[in-house]
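Student: structure for the following, please:
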Amino acid sequence: MDLSIIIVTCNSSSIIETCLRSIMERMKGIDHELIIIDNASTDETCRVIQERFPEAALIRSPENIGFARANNLGLRKAKGEFILLINPDTSWKRGDIKEAIQFLRNHPEIGGLGCRLILKDGSWQKSHGNFPTLGREMKETFCLPRFFSDTPWAQGIFAYKEREGEGAVDWISCTFFLCPREVIQGVEGFNERYFMYYEDIDLSKRIREKGKEIYYYPKIEIIHYQRMPSVYDFGES
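Tutor: This next block holds a predicted model:
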């Protein structure tokens, strides 16, 4: 099997059908499986998935176990040569997943690949950056990276200016994350101490520590209908 697609849902009934249909349109000619882990939704998410996407393997958690633990449940079930982690609040705009998979096959030095993210209004969303340090956290606190995005000394955790073209980065958002299964299993998936947020930075760091690159690949573009983050979860992470 070429690809295992893993999606974590939680009260996603208004968006999950759009997400899944946009993904399935890209899967022609790819041997794939669809694994969805639902974090105790109280809306119609599971019904929509079961009725309209019966081919999906749906894992229903009786409680909200967070993004990291839920993805790890999917990873333990996955059989594909490659893993695609993708958020339910997304819609595929352009790009060929077959080309991206072949790109990873041709570049075994790359352990994880992220795409270009845009918001609903078409603006670029910051989706990669530098590993956190105390200095970079302080710069983010005082908004220096936002106001001096071209200045090296002001660089923080997030990239506020889109890089020109593809290339290696410290970390990439797991809103869309494509990687060889053996790589993500080699680092034992996500660190489950994270409930939500920063788990993708941690994952990228552990993959980098294994000698693999993390790569920004803007040939694929995804619309991200971003929700407001939980301040508590973000701060805890």
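Student: quick one: low-confidence parts of the chain?
Tutor: 133, 136, 138-142, 144-146, 148, 151, 153-154, 156-157, 227-237 (pLDDT under 70).
Student: mind listing the strands in it by residue range?
Tutor: 3-9, 32-39, 57-61, 82-86, 90-94, 110-118, 128-129, 167-169, 171-172, 176-180, 213-224 (DSSP state E).
Student: so which of those strands is nearest residue 202?
Tutor: strand 171-172 (8.5 Å; Cβ to Cβ). (C-beta placed from N, C-alpha, C; glycine too.)
Student: list of residues touching the closest one?
Tutor: 112-114, 127-131, 200-201, 204-205, 214-216 (Cβ atoms under 8 Å, 6 or more residues apart in numbering).
Student: spatially central residue for the protein, please.
Tutor: Centroid check for the chain by Cα atoms, centre = their mean gives residue 174 as the closest residue, at 1.8 Å.
Student: quick one: the helices in this structure?
Tutor: 16-24, 45-52, 66-77, 97-106, 134-141, 144-147, 181-186, 199-209, 231-236 (DSSP state H).
Student: nearest to residue 166, of those helices?
Tutor: For residue 166, the closest of the helices of the chain is helix 97-106, at 9.2 Å, according to Cβ to Cβ.
Student: which elements pack onto the closest one?
Tutor: Secondary-structure packing of helix 97-106 (3 or more Cβ pairs under 8 Å, 6 or more residues apart in numbering; DSSP states H and E): strand 82-86, strand 110-118, strand 176-180, strand 213-224.
Student: export those strands as a markdown table, with columns for mean neighbour count and distance to residue 16.
Tutor: Rendered in a markdown table, the data for the helices and strands packed on helix 97-106 read as follows (neighbours: other Cβ atoms under 10 Å; distance: least, Cβ to Cβ, whole Å):
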| stretch | mean neighbour count | distance to residue 16 |
| --- | --- | --- |
| strand 82-86 | 24 | 11 |
| strand 110-118 | 24 | 18 |
| strand 176-180 | 24 | 16 |
| strand 213-224 | 20 | 14 |
